[in-house]
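A.B. asks: I'll drop the sequence and a predicted model, then ask my questions.
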Amino acid sequence: MGDPEKQRYSFSVLRERLSRHEGPIVDFALGEFDRSLPAALSGQIREDSSLMLRRHSTAELAEFSAVAVEYLDRQYGVAITPEQILPVPGGRAAMTALASCVLEPGNGVLVTEPGYPVFARLATHHHARILVAPLDPEREFAPRLEEISQDDADSVRLVALNYPNNPTGAVISGKVAAALEGRFGPSTVLFNDAIYGPLTHEGGARSILSRDLSGIRQFDAIELHSLSKLFPLGPLGISFLAGSEPLIQGIRHYTDFAWSPLSSLQMRATMQCFQDSDSIEEVREYFQERLERLRKTLVEVGFQPYPTPGGMFLLCKAPASVGGVATPTAEAAADVLLDEYDLAVVAWDKSPHGYLRFSSLYRAEDLQALGELGDRLVLPDS
């Protein structure tokens, strides 16, 4: 079975390690969203709290689908029908359902690295073969698909993307589409985890469903959307899948068996979020400002952050040394930062690159503490 720690969700392992750390932590690894719900939404939830005990109705499902269609049109310029929408309890539940309905043992599944690790693990449990395409920092973090052999590419049943990407902040682009074009067969499903979709900081939000990128038109496409990173709804917040109607219908039938129905309150609260364009724009600006402050501080301290056109994190090159201590990997650098400087970050190692991810969900005192570490860290220039 291998190392049991490597079989676990990496962020669960990180949370446990941080909980064991002695003394205060300057937390740029996980952070905490400190914004409250809009007053009108918070009040409506309290008023309708009894609806948490009521299953959603057929009419509410139709209304949710119509609201989701309007949201995709308004935010992304995507034109689809309500039949192409499926509300789901959350992102991981959606990925579980997708893997269950699409994958068979031996299918190839392409994932990117660095990237959100959940779908690769779910696909592994369905006995799929995982193929990894590194994201190229020299090409706006487009996947290096030339490293995948044609025989392997021909076996791929599903390509799993995550744009805006965690942790790189990259957005779907012409370079990504060009990398995909002609590489996979006509039965390949293209999945994009767009959980950070509204958080684009250079230009408008982008979707694989808009079909304005020529390399993507060939695929059966499905995309995951949520506002969980913008509105702190907790267990009330739900996500939705959008895309290919045959895929959506297949997953819809699966979910009749897979989980309990969503509540009326979940449907109503989430619909209100999708319709609140002003709050969505306000939160987008909130993250833009925080990322800019973080970038400035990181540069002053000596880190080398990459451009971040989307998302809520900043990715830096892992330094070759920290405070005079050699750090040959990103994980080694993160260990030294935590053990010697109480600074928590997330490490990603994908040879030949090592990265450190800094969250914009920091406290003001953490940003100040980071700025004060400059002289002590003694980071190399390159």
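C.D. replies: Structure received. Residues are numbered from 1 along each chain as shown.

A.B. asks: How is this structure divided into domains?
C.D. replies: 4-30+279-377, 39-275 (automatic domain parsing).

A.B. asks: Let me see the mean pLDDT of the last one.
C.D. replies: Model confidence over domain 39-275, given as mean pLDDT, is 92.

A.B. asks: related to what we said a few turns ago, want to throw the domains of the chain into TSV with mean neighbour count?
C.D. replies: (C-beta placed from N, C-alpha, C; glycine too.) Output for the domains of the chain, formatted as TSV (neighbours: other C-beta atoms under 10 Å):
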stretch	mean neighbour count
domain 4-30+279-377	17
domain 39-275	19
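
A.B. asks: Next secondary structure after the helix or strand where H253 lies?
C.D. replies: Applying DSSP states H and E as the criterion places H253 in helix 245-258. Remark: after helix 245-258, the chain's next helix or strand is helix 264-275, criterion DSSP H and E.

A.B. asks: what residues does that following helix touch?
C.D. replies: If you take C-beta atoms under 8 Å, 6 or more residues apart in numbering as the criterion, helix 264-275 is touched by 41, 44-45, 48-49, 51-52, 54-57, 60-61, 63-64, 67-68, 70-71, 87, 227, 230-231, 233, 236-238, 279-280.

A.B. asks: Can you show me the helices along the stretch 201-350 of the chain?
C.D. replies: Counting by DSSP state H, counting those that start in this stretch, residue ranges of the helices within the stretch 201-350 of the chain are 245-258, 264-275, 277-301, 330-341.

A.B. asks: right, and those - which one's nearest E83?
C.D. replies: The closest of the helices of the stretch 201-350 of the chain to E83 is helix 245-258. By C-beta to C-beta, the value is 5.5 Å.

A.B. asks: what sits up against the closest one?
C.D. replies: 81, 83-86, 88, 93, 96-98, 100-102, 189, 220, 222, 241-242.

A.B. asks: Quick one: end-to-end distance for stretch 11-30.
C.D. replies: 9 Å (C-alpha to C-alpha, to the nearest Å).

A.B. asks: quick one: average pLDDT of it?
C.D. replies: 83.

A.B. asks: Secondary structure element holding the nearest residue to I172 once chain neighbours are set aside?
C.D. replies: Closest residue to I172 apart from its sequence neighbours, by C-beta to C-beta, 6 or more residues apart in numbering: Y163 at 4.1 Å. For Y163, there is no helix or strand it lies in under DSSP H and E.

A.B. asks: Which of the helices of the stretch 201-350 of the chain sits closest to P309?
C.D. replies: helix 277-301 (10.4 Å).

A.B. asks: helices and strands around that closest one, which ones?
C.D. replies: strand 313-317, helix 364-371, helix 374-377 (3 or more C-beta pairs under 8 Å, 6 or more residues apart in numbering; DSSP states H and E).

A.B. asks: Pull the contacting residues for L377.
C.D. replies: L377 neighbours (C-beta under 8 Å, 6+ apart): V301, G302, V322, G323, Y341.

A.B. asks: export these to CSV and tack on distance to A120 and pLDDT?
C.D. replies: Listed next are the contacts of L377 as CSV, based on distance: C-beta to C-beta, whole Å; pLDDT from 0 to 100:
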residue, distance to A120, pLDDT
V301, 33, 94
G302, 33, 94
V322, 29, 94
G323, 34, 92
Y341, 31, 94
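
A.B. asks: any chance of those in CSV, with distance to E113 too?
C.D. replies: Shown next, in CSV, are the contacts of L377 (distance: C-beta to C-beta, whole Å):
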residue, distance to E113
V301, 27
G302, 26
V322, 23
G323, 28
Y341, 27
